[in-house]
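Engineer: Dropping a prediction and its sequence here:
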Amino acid sequence: MATLQPAGRTGTVAWLAGPLSTGFGLAAHLAAGGPAPTLIILAALAALLGMAAAMIGRFSVPGWAVLLGCAVAQQLLHLGFAAFSGGSGEGIPSHGHGGSGQEVPYPAQDRPSGAEAAPPPGYSPHLMLHAHMAAALLTYAVMYYWPGFVRWSRRFHASRPKSPVV
């Protein structure tokens, strides 16, 4: 399998993999009926993934490793979205930064033992898995094929005859 060379993904654009992965992961999460975290959480997750991509982007990485990294990033994004959805940290047990300034009790303590938490309306765990898998594949495809597409587009536009301006 081919490798992604640093020349194809220079340090100036490698960081875009973080926001790209976060955006595709958010779309996948919302499409499967999951809740979305606040904008600040999304920005923080995108920045962390972008920083990791910029650090790894300096090295020649085999294609299978990039695909594995995309899959791991999507699983971490799913866990992050699930933990941080709710806007004020209410998804985290005893986080303590709720709107009232008091510690927010974990919802599992309020229901009787043996009762399971009701999933959000429209939530499907199978669809969530497939959607995040599609987001990982789409992120990989954009990262892997975008440099070649840009080179092809530049060659195509350079080879087209210019129409005379009247």
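Structural biologist: Thanks, I have the structure now. Numbers count the residues shown, from 1 in each chain.
Engineer: lowest-pLDDT helix or strand in this protein?
Structural biologist: helix 107-110 (a mean of 46; mean pLDDT, DSSP states H and E).
Engineer: and after it, which helix or strand comes next?
Structural biologist: Counting by DSSP states H and E, the next helix or strand C-terminal to helix 107-110 is helix 125-159.
Engineer: packing partners for that next one?
Structural biologist: The helices and strands touching helix 125-159, judged by 3 or more Cβ pairs under 8 Å, 6 or more residues apart in numbering; DSSP states H and E, are helix 17-31, helix 63-84. C-betas here are computed from N, CA, C, even on glycine.
Engineer: looking at those helices, which has the lowest confidence?
Structural biologist: If these are sorted by mean pLDDT, helix 63-84 sits at the bottom with a mean of 88.
Engineer: Tabulate the helices and strands packed on helix 125-159 in CSV, adding columns for distance to Leu127.
Structural biologist: CSV is the format used below for the helices and strands packed on helix 125-159 (distance: least, Cβ to Cβ, whole Å):
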stretch, distance to Leu127
helix 17-31, 7
helix 63-84, 12
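Engineer: hey, which of those is tucked in deepest?
Structural biologist: Comparing these by mean neighbour count (mean count of other Cβ atoms under 10 Å), helix 17-31 ranks first with a mean of 21.
Engineer: Surely Leu42 is in contact with Thr22?
Structural biologist: Yes: judged on Cβ atoms under 8 Å, Leu42 makes contact with Thr22 at a distance of 6.2 Å.
Engineer: rewinding a little: how about the helices and strands packed on helix 125-159, which one is nearest Arg160?
Structural biologist: helix 17-31 (29.2 Å; Cβ to Cβ).
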